[in-house]
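1. okay, here's the prediction I keep looking at, along with the sequence it came from:
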Amino acid sequence: MPASALVHTTFHGDAYPAAARPADWRTHAACAGLPDETVFARRPKPALPALRACAICPVRRRCLETVAPAESWFDGVSGGRLWRNGREVRIPADLDPERDLAVDHPDHP
């Protein structure tokens, strides 16, 4: 998640800055620190940095489970996929970050 998504949360009725609350899975997300316009992009090309981050993200599955894009009509990148109105957006082969990863690291599944 982008840094702005980590700024505040409600904890026992009070808002705490991200630095004051316990760490959660979002602090380990490879997209942490990416701009909102990248993570919440609706088109493949602007979303490419977030999709590349997802390709190596240790919390990819947790992100997809928590965001639940199809149920929440999510727009943006979650779990290594681009979503628009809760539907997966097809990534053109020439922009597919998984393809890039397989070329760079042939042992990657």
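-> Structure received.
2. who are the contact partners of residue 42?
-> The contact partners of residue 42, by CB atoms under 8 Å, 6 or more residues apart in numbering, come to 75-76, 82, 84, 89. Every residue, glycine included, has its C-beta placed from N, CA and C.
3. hang on, residue 90 is in a helix, isn't it?
-> No - per DSSP: H, G, I helix; E, B strand; the rest coil, residue 90 lies outside any helix segment and is coil.
4. confidence score at the nearest residue to residue 86 once chain neighbours are set aside?
-> Nearest residue to residue 86 in three dimensions, chain neighbours excluded: residue 73, at 4.0 Å (CB to CB, 6 or more residues apart in numbering). Looking at residue 73, its pLDDT is 94.
5. do residue 20 as well
-> Looking at residue 20, its pLDDT reads 51.
6. can you check residue 55 too?
-> pLDDT, residue 55: 91.
7. next: residue 25.
-> At residue 25, pLDDT is 85.
8. for the biggest helix by length in the chain, packing partners?
-> Across the chain, the longest stretch assigned as helix under DSSP state H is helix 44-55. Contacts defined by 3 or more CB pairs under 8 Å, 6 or more residues apart in numbering; DSSP states H and E place helix 44-55 against helix 36-39, strand 76-78, strand 81-84, helix 97-104.
9. among these, which gets the worst mean confidence?
-> Across the helices and strands packed on helix 44-55, the lowest-scoring stretch is helix 97-104, with a mean of 58.
10. before we move on, back to that, show the subsequent helix or strand relative to the longest helix of the chain.
-> helix 60-67 (DSSP states H and E).
11. in that following helix, which residues are buried?
-> 60, 62-64, 67 (16 or more other CB atoms under 10 Å).
12. cool, stretch 70-87 as well?
-> For stretch 70-87, the neighbour count (16+ other CB under 10 Å) marks 74-84 as buried.
13. cool, stretch 89-102 as well?
-> By 16+ other CB under 10 Å, the buried positions in stretch 89-102 come out as 89, 91, 96-97.
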